[in-house]
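In: Here is the input, now give the coordinates:
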Amino acid sequence: MPDYPITHDTTHQRFSLMVEGQESYLTYLVAADGSWNFNYSFTPPEHRGKGLARRLVVHAKAYCEAHAIRYRATCPYVAYTLERL
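Out: Have a look, this model is predicted:
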């Protein structure tokens, strides 16, 4: 699968990528202390199993670490993936 670019929309608090006109995304909420909670991830059914959601988690984690942002995950998939990175 090609390396589709990941975009970060700070207004809607989400990382996303487009594949064949369909969006996969990872959303977060910013707490009062500035930390992030990764609360939801979605990949269209026809694109599941291709590593797209994992790419979003890896990218979001790297973004937080590069910007000294504390993070956690309440989305089960994101929490599971972060534990294995």
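In: nearest spatial neighbour of residue 12, skipping sequence neighbours?
Out: residue 27 (7.6 Å; CB to CB, 6 or more residues apart in numbering). (Each C-beta comes from the backbone N, C-alpha and C, glycine too.)
In: Same question for residue 41.
Out: Nearest non-adjacent residue to residue 41, counting by CB to CB, 6+ apart: residue 26, 4.6 Å away.
In: Next, count neighbours for that neighbour.
Out: A count of nearby residues for residue 26, using other CB atoms under 10 Å, gives 29.
In: Is it located within a strand, as I assumed?
Out: Yes. Judged by DSSP: H, G, I helix; E, B strand; the rest coil, residue 26 forms part of a strand.
In: Who are the contact partners of it?
Out: If a contact means CB atoms under 8 Å, 6 or more residues apart in numbering, then residue 26 has 14-16, 38, 40-41, 53, 56-57, 60, 75, 78 as its contacts.
In: In the longest helix anywhere in the chain, which residues are buried?
Out: For the chain, the helix with the greatest residue count under DSSP state H is helix 52-66. Using 16 or more other CB atoms under 10 Å as the test for burial, helix 52-66 gives 52-57, 59-61, 63-64.
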